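Participant: Sequence plus the predicted model coming up.
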Number of protein chains: 2
Amino acid sequence: MARLLRAATWGLFPWRGYCSQKAKGELCRDFVEALKAVVGGSHVSTATVVREQHGRDESVHRCEPPDAVVWPQNVEQVSRLAALCYRQGVPIIPFGTGTGLEGGVCAVQGGVCINLTHMDRILELNLEDFSVVVEPGVTRKALNLHLRDSGLWFPVARGKGPPVLRLPSPVRRAPDPGADASLCGMAATGASGTNAVRYGTMRDNVLNLEVVLPDGRLLHTAGQGRHFRKSAAGYNLTGLFVGSEGTLGLITATTLRLHPVPEAIVAATCAFPSVQAAVDSTVHILQAAVPVARIEFLDEVMMDACNRYSKLNCSVAPTLFLEFHGSQQALEEQLQRTEEIVQQNGASDFSWAKAAEERSQLWTARHNAWYAALAMRPGCKGYSTDVCVPISRLPEILVQTKEDLNASGLTGSIVGHVGDGNFHCILLVNPDDAEELGRVKAFAEQLGRRALALHGTCTGEHGIGLGKRQLLREEVGAVGVETMRQLKAVLDPQGLMNPGKVL
Amino acid sequence: MARLLRAATWGLFPWRGYCSQKAKGELCRDFVEALKAVVGGSHVSTATVVREQHGRDESVHRCEPPDAVVWPQNVEQVSRLAALCYRQGVPIIPFGTGTGLEGGVCAVQGGVCINLTHMDRILELNLEDFSVVVEPGVTRKALNLHLRDSGLWFPVARGKGPPVLRLPSPVRRAPDPGADASLCGMAATGASGTNAVRYGTMRDNVLNLEVVLPDGRLLHTAGQGRHFRKSAAGYNLTGLFVGSEGTLGLITATTLRLHPVPEAIVAATCAFPSVQAAVDSTVHILQAAVPVARIEFLDEVMMDACNRYSKLNCSVAPTLFLEFHGSQQALEEQLQRTEEIVQQNGASDFSWAKAAEERSQLWTARHNAWYAALAMRPGCKGYSTDVCVPISRLPEILVQTKEDLNASGLTGSIVGHVGDGNFHCILLVNPDDAEELGRVKAFAEQLGRRALALHGTCTGEHGIGLGKRQLLREEVGAVGVETMRQLKAVLDPQGLMNPGKVL
């Protein structure tokens, strides 16, 4: 609120402003009243605690609270809110589950946070067409629960974590990273996760988006109500909005492609003498066209932490966690081929399990990796970096990263979606120690630059947010950034949508 | 040439114009000399026959020749050509193999056609990373020939047809539709084809693009030299340029994702009592997670034509052509499951073949479908429509389409990539009969509207080009088209890139 006022009074921001038209104290009240007129009084909050909850995510970026938080109940309200903010020149920050990892919800210029989680309906399910339409409050787990007897599921999953605590607004708790994110939020950040090697990322699985544009107009990126599998009709607006991180509009519904539930699942793990051997195995498995559903890598530091945390007795060595989906018969062949390949690469301890409980046990280390990492330095905050390189460059960058980690004096472990060349370094940091926080940021930046030098990207799945804007410039070059700026400028001419992010 | 002159003299087009700065006859000579200065005299042509060859594709749109054709030898020349045209306000039409199906190369405002086929190098092959970088002159078949001993291949294929005749420029012959298109051209149109149900479309398989922007600047959509599997870094520029049909820039190199060559292939066919039974089988096969590589549909008219053309004895009934890729063992299971499913749906004649020659024989009808269709009315031109609907709506639209076909008095048969809900009606038309041509266009438009009414798209893979601009407006609505217009306006402010297409 104070900021809304300041904006108008001191002219700090380019807000034409509702607030400036009237006398000082009243200004912002008028604006808030206008918000309340749209969504109802109980769905607007300017309480400090609520604003602070909405100004942070799971990153190390400090909290920048919005000036107000609103909970629209339907798309018409979102549209009216956007139009209101647009007329008054007030920034908008879309908010889902708050599980982002790059500061995407920080309200760096203040403004109104639009929490979309009250819109939580599954609007349409087309089983024969393998598609579903969900509102922003629907999480991946909620969707899969809804689908449980349909024979279909949605496989794109951000890591592994506990179900998000869904407290009544305005009180809610941000969950751990990798937890149960909103599907629309995942579309907004271009998320992917452990199943991407087989099922693709959000970019591959979003068929259509309903978007409220900055001025309140409603856009259906592939046309209203459409849910075809492919199209060559005009510019790929769906692709443009997936991964735009709330900077071009508010996603109010997402049409997703569903997949058949596999008849059977097998999990497997194996330890390797070196990072190179683990990555070579991955390449050979992919070259052999084994349709692996997940292939995750944990380094020896991570394995050691997992042993301690989960009371396991796994080899303290670079380890692959695999999962196969298919018919009973197909799985046996996949397992056999994989075992041959990993053994040729010097793997030991090749274990596998079919029953759900045993699978879960076998994957305990991977499932608990985040908590095991946190337990390495109790009381510290975890920060998950994110880069992706061509798979052939993985051994090189993993070895370099370990050296950098040692040199930095930081505590960190590595976990990766190695089938995509994507990996994270989970760093532990005392958030009150500014010097250490600085070293974490420097380390993450160095890692990003290493990925860029190896023809990779500074983010495989977490997005640019606040922290990687400079790396993005280095990644796509001057013409790339200029092109992105042109797109932003034409779609959000006032620069009101989630300002300060991506570009 | 005459048009370049007219443009300047009569002020018909918004060309600031080189030509207008000097005396009449000299003007165009100057411009052509400037083109020659960039690419060399032998790589520029203003001959009528050459211009006419470059003003048509395989559609029923009449030829609109460009004013000049140039063959750049490298990206620097493309960049200089674009900058030259930009300064002079002259339209540019990119040209690959000329196998488009919606009039994408018609020079409706004249201008310079940039034939990119002399740039035909495979620039980079990364076997471990499953990626390759190709220039615009590289066709799908040329790439797969190059890859033949690598264990990898590029599966996205526009239909089936004979190798394109690659005559020395400026003399070349446009091949049949579905023939061997340029990979960059396929990226530009968002092509897909028979393997999309398993391997995805160009949208899913392009990792990076090198694009010469209208003013000559060079853009690497995912950053120069980068070839990672996934990214969440900024706006998806690659996705925006794939399918932009040459209206935003010239694609001068494409980085593609490669796939492992399957260990074995099995082909199969089966006839059905009804369209519904064939489509139900398709849905059931997909729901059973059988990883079918191709699943093609031919209607009874097409089958009858194929029997006549290829001297076959197939059932004159709705027929599916399937192909499975995998290990020997996996294929047996896939076949068995498929046979169970199709038999439950009343299929007869389930035949399959493993050896390459037998496979080819089994698929003869599908492979020769285009020629068989042409043979239904010798001397006529074939026009392939293209729509895509949610798969559950296929039976409905196929039945309606047959009724429309009968009502229209046109000769046509249906062939479809039924696993995606995508199908074509191959219409035969006497190109000199304006009235019949009118009926063909009306029929195609009606088919597009039927697809739209069933939540589908007016084009699954051929693009919008000239002929479907009105349908695109109906498909994405006013806000969708306005958003596309904004993107076009900001990236091509003078409207010089392939004007009159898409929007």
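Facilitator: On my side now, so go ahead. Numbers count the residues shown, from 1 in each chain, chains lettered A, B, ... in the order given.
Participant: So what does A:Asn307 have for phi and psi?
Facilitator: phi -60, psi -50 (degrees, to the nearest 10).
Participant: Mind pulling up the pLDDT for the nearest residue to it once chain neighbours are set aside?
Facilitator: Excluding its sequence neighbours, the residue lying closest to A:Asn307 (CB to CB, 6 or more residues apart in numbering or on different chains) is A:Cys314, at 5.7 Å. Heads up, the C-betas are built off the backbone N, CA and C, glycines and all. A:Cys314 is assigned 94 on the pLDDT scale.
Participant: Touching, A:Cys314 and A:Met303? I think so.
Facilitator: Yes: between A:Cys314 and A:Met303 there is a contact at 5.5 Å, judged by CB atoms under 8 Å.
Participant: and for those two, which residues touch both?
Facilitator: Here A:Cys314 and A:Met303 have A:271, A:365 as joint contacts, going by CB atoms under 8 Å, 6 or more residues apart in numbering or on different chains.
Participant: higher neighbour count, the two?
Facilitator: The residue with more neighbours, out of A:Cys314 and A:Met303, is A:Met303; 23 against 19, by other CB atoms under 10 Å in any protein chain shown.
Participant: residues in contact with the more buried one?
Facilitator: Each residue near A:Met303 by CB under 8 Å, 6+ apart is listed here: A:271, A:314-319, A:365.
Participant: Any buried residues in the helix or strand hosting it, and which?
Facilitator: Element membership of A:Met303, judged by DSSP states H and E, is helix A:300-310. By 16 or more other CB atoms under 10 Å in any protein chain shown, the buried positions in helix A:300-310 come out as A:300-307, A:309-310.
Participant: export it as CSV, just CAs?
Facilitator: Below are the C-alpha coordinates for helix A:300-310, written out as CSV (Å, rounded to 0.1, in the frame of the first residue of the first chain):
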residue,chain,number,x,y,z
GLU,A,300,28.3,-39.4,-4.3
VAL,A,301,27.9,-36.4,-2.0
MET,A,302,24.1,-36.6,-2.5
MET,A,303,24.2,-40.4,-2.0
ASP,A,304,26.2,-40.0,1.2
ALA,A,305,23.6,-37.5,2.5
CYS,A,306,20.8,-39.8,1.5
ASN,A,307,22.3,-42.7,3.4
ARG,A,308,22.5,-40.6,6.5
TYR,A,309,19.1,-39.0,6.2
SER,A,310,17.1,-42.2,5.2
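Participant: That helix: how far from the chain's middle?
Facilitator: Relative to the mean C-alpha coordinate of its chain, helix A:300-310 is positioned 25 Å out (CA atoms, centre = their mean, to the nearest Å).
Participant: Now the element after it, going C-ward?
Facilitator: Next element after helix A:300-310 (DSSP H and E): strand A:319-326.
Participant: Just name whatever secondary elements the following helix or strand past that next one is in contact with.
Facilitator: The helix or strand immediately downstream of strand A:319-326 is helix A:328-344, counting by DSSP H and E. Taking 3 or more CB pairs under 8 Å, 6 or more residues apart in numbering or on different chains; DSSP states H and E as contact, the helices and strands that helix A:328-344 lies on are strand A:264-271, helix A:275-287, strand A:319-326, strand A:348-353, helix B:328-344.
Participant: now the angle between helix B:328-344 and helix A:328-344, please.
Facilitator: Relative orientation of helix A:328-344 and helix B:328-344, computed by axes from the mean of the first three to the mean of the last three CA atoms, to 10 degrees: 160 degrees.
Participant: got the contact list for helix A:328-344?
Facilitator: For helix A:328-344, the surrounding residues in contact (CB under 8 Å, 6+ apart) are A:263-266, A:268, A:270, A:272, A:281, A:284-285, A:288, A:290-292, A:320, A:322, A:324-326, A:350, A:352, A:354, B:327, B:329-330, B:333.
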